[in-house]
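> Quick one, what's the 3D model for this:
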Amino acid sequence: MNYVFVALCVLFGPAIDNPAPRRDTRESGRAILEAAIDALGGAKRLEALDNWFVSGVGRENLSGELQGVASNVPTWRSHEETVAIVRGTGTIAWERKSERNDGSLRWRRVIYKPEELGTIDWNTRRVSRTRERVSEAVRTAMQRRIPHVLLAELSATARAIRDAGTRTLGGAVHDAVHVITSSGDSLTLIFNRAPVTLRRVEYPLFLPGLGIVTVGWEWQNWHASQHLGMAPTGHTIYVGGTPFQELRYTRNDAGSEDAQQFAEIPSNLGTSAQTTATAPAPAALPPTGEVAPGVHVLNLRGFVVMVVEFRDFVVVLEAPETHPGLQ
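Now for the predicted structure:
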């Protein structure tokens, strides 16, 4: 009897559901990325786009980078910025115009070229040109501010692309893709569905006082665009979940001659140019060199830097090292 029971179980036992075939996360991740590229007109169209000019207005929460009045209270200040990208020459120009906590204006343009770094301080109309190699990694990172350029880069050069499951944002389900870039950066891309457009990019970043945090860029309200396939109307940046920057685009296009002009220092500016009548005249700048025994003043990359010698160490004031922020 026992033998018959075993035989019947083998022949007629309950059916075992076949598990769903596992998705190849590499193939599905690549498929999601390519779908987003197709929504923008395809890889060839994206690769052909150059001379980008994107500008916008909005506000920044300085507390997001621990630069505000208080770390636990938002410190919103007005903010404007423009980015020009000339991919053909590897040149990127970025200009920001933002309020500081004391009411003064930070208004500066930085121009990154493969062999030159230029800065313009519009408050003083001072110009600095430094003949130095600007790494491709720095220039590539700046280009990633434009989602079209980011997607084209990842499609062509990423080391690894894999499906990272789904993510719910704003009550809607989105597809996530994890990417390792050619330079080894780790990015998580989160895509809208129908049409497939880039909603958010996340990456880890070390910020002084905060440690390693997750930075998220979100692009809003994608719409049809004659020249770009589709385009967002603005972006929001989050630092560890805290809103840091909100920008509404006033212009977003490619193929613009303005991009090449913006990426050059205007011919009417020079290192000794005077301030305009609309800006208050700055106090006389100190001379450079050793202005007193053991006290040196230098002009580096547009920064006026003072170095004071002591017996066993030196103190540097206004060191020309950019706060590792979110530009």
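
> what ranges do the helices span in the chain?
2-12, 25-39, 43-48, 136-143, 147-157, 257-262 (DSSP state H).

> Make a markdown table out of those and add mean pLDDT, mean neighbour count and distance to residue 185.
Where you see a C-beta, it was placed from the backbone N, CA and C, and this is true even at glycine. What follows is the helices of the chain, written out as a markdown table (pLDDT from 0 to 100; neighbours: other Cβ atoms under 10 Å; distance: least, Cβ to Cβ, whole Å):
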| stretch | mean pLDDT | mean neighbour count | distance to residue 185 |
| --- | --- | --- | --- |
| helix 2-12 | 41 | 9 | 55 |
| helix 25-39 | 91 | 18 | 16 |
| helix 43-48 | 93 | 15 | 20 |
| helix 136-143 | 91 | 16 | 8 |
| helix 147-157 | 96 | 20 | 10 |
| helix 257-262 | 96 | 16 | 25 |
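
> Can you lay out those helices as JSON lines showing distance to residue 194?
Below are the helices of the chain laid out as JSON lines (distance: least, Cβ to Cβ, whole Å):
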{"stretch": "helix 2-12", "distance to residue 194": "45"}
{"stretch": "helix 25-39", "distance to residue 194": "10"}
{"stretch": "helix 43-48", "distance to residue 194": "20"}
{"stretch": "helix 136-143", "distance to residue 194": "28"}
{"stretch": "helix 147-157", "distance to residue 194": "17"}
{"stretch": "helix 257-262", "distance to residue 194": "32"}
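
> Which one, of the ones you listed, ends up nearest to residue 191?
helix 25-39 (5.6 Å; Cβ to Cβ).

> quick one: contacts of the closest one?
For helix 25-39, the surrounding residues in contact (Cβ atoms under 8 Å, 6 or more residues apart in numbering) are 43, 46, 151-152, 154-155, 160-164, 175, 177-179, 189, 191, 195-198, 229-230.

> switch to 10 Å and redo it
Outside helix 25-39, the residues that touch it by Cβ atoms under 10 Å, 6 or more residues apart in numbering are 23-24, 42-47, 147-148, 151-152, 154-155, 158, 160-165, 175-179, 189, 191-199, 222, 229-230.

> Give me the distance between that helix and the centre of its chain.
Relative to its parent chain, helix 25-39 has a centroid offset of 22 Å by Cα atoms, centre = their mean, to the nearest Å.

> what's the answer for stretch 173-186, then?
15 Å.

> is the spatially closest residue to residue 82 that is not a sequence neighbour in a bridge, and if so with what?
Nearest residue to residue 82, sequence neighbours excluded (Cβ to Cβ, 6 or more residues apart in numbering): residue 55, at 3.9 Å. As for beta bridges, residue 55 partners with residue 82, residue 251 under DSSP bridges.

> my guess is residue 55 meets residue 234, correct?
No: contact criterion Cβ atoms under 10 Å: residue 55 and residue 234 do not qualify, at 11.1 Å.

> Now do the shared contacts for those two.
247, 249, 250, 252.

> Show me which of the residues you listed are buried.
With neighbours counted by 16 or more other Cβ atoms under 10 Å, the shared contacts of residue 55 and residue 234 contain buried members at 247, 249, 252.
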